[in-house]
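any chance you can model this:
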Amino acid sequence: LFRSLRAMNGESFKLSYYNEYKSYLSMTISMNDRIVQLYPLSNYTFGTKESQYEKDASVAARFQRMRDEFPLIGMRRTVEGVLLVHEHNLPHVLLLQLGTSFFKLPGCEVPPGGDEVESLKSSLTNTLGRQGDVINWGVDELIGTWWRPNYEPPQYPYIPPHVTKPKETRRLYLIRLPERAMFAVPRNYKLVAAPLFELYDNSTGYGPVISSLPQNLSRFRYVYA
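Residues are numbered from 1 along each chain as shown. Model prediction:
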């Protein structure tokens with residue numbers, strides 16, 4: 001049928017088909033894609049400031065504190081920011097590196113009754129802001145939620161059916177960075193820009209949450225400044 005139509009209509013058929021295909025692509029992009037503006041890594045300046053340390057000296061201590069606090073405040077709420085830049089038109093995620101092999105997203109625990117967005121903005125300023133500077137952290141939208149069923153490392157992007165009282169929820173927000181900014185990184189950390197291809201399917205190096213970011217971010221369409 002296709003060959004006979006081409007024979008009947010010639011170039012007019014091909015032009016009509018091409019225009020319909022372009023219209024379909026345009027409609028698909030406008031309906032399904034969320035546009036995100038990214039700026040080059042070179043637009044940002046990185047200085048240092050006094051070291052900042054975790055509340056807990058070890059993983060075991062962290063889970064013990066979670067266990068102690070659960071009867072008092074219930075499930076722990078954690079929020080983290082996904083900060084994106086680009087190099088050579090490829091999205092990179094800004095990660096805090098501690099030592100040689102531990103990476104994390106900037107974020108914090110939300111105090112009881114506290115607002116997630118405001119807590120995250122305050123934490124980003126405390127972690128990466130310079131004294132006296134005001135950075136407009138655009139907390140854009142929620143891109144992922146993870147749950148910790150027990151006082152143990154495993155986390156899941158869903159609540160297992162047998163779990164009625166998860167111990168922690170971990171919510172990831174996309175952050176719109178200003179076009180230019182000056183950051184101050186605690187001396188005991190490095191701020192690294194990791195390309196999506198480095199994170200993808202690399203739970204060994206980055207853990208399950210960070211290594212799943214390429215999938216979570218694939219629904220956006222990026223515009224590179």
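
ok, for the most centrally placed residue in the chain, nearest residue in space, not its chain neighbours?
Residue closest to the mean C-alpha point of the chain, counted by CA atoms, centre = their mean, is residue 82 at 2.9 Å. With CB to CB, 6 or more residues apart in numbering as the measure, residue 174 is the residue that lies nearest to residue 82, at 5.2 Å, once sequence neighbours are left out. Where C-beta positions appear, they are placed from N, C-alpha and C, glycine not excepted.

about what we covered before: can you spell out which helices and strands pack onto the helix or strand where the residue nearest to the centre of the chain lies?
Residue 82 belongs to strand 76-87 when elements are defined using DSSP states H and E. Helices and strands in packing contact with strand 76-87 are listed as strand 34-38, helix 59-73, strand 90-98, strand 107-109, helix 116-128, strand 168-176, strand 190-195, helix 213-217; criterion 3 or more CB pairs under 8 Å, 6 or more residues apart in numbering; DSSP states H and E.

can you give me the buried ones in the second one?
Just to be clear, that refers to helix 59-73. Neighbour-count burial for helix 59-73, counted by 16 or more other CB atoms under 10 Å, picks out 62-63, 66.

now the last one
By neighbour count with 16+ other CB under 10 Å, helix 213-217 contains the buried residues 213-214, 217.

low-confidence ranges in the chain?
Under the criterion of pLDDT under 70, the regions of the chain flagged as low confidence span 1-32.

list the helices and strands the helix or strand hosting residue 139 packs on?
With elements taken from DSSP H and E, the one containing residue 139 is strand 138-148. Helices and strands touching strand 138-148, as assessed by 3+ CB pairs under 8 Å, 6+ apart, comprise helix 116-128, strand 168-176, helix 213-217.

one more pass at 6 Å, please.
Under the contact criterion of 3 or more CB pairs under 6 Å, 6 or more residues apart in numbering; DSSP states H and E, strand 138-148 touches strand 168-176.
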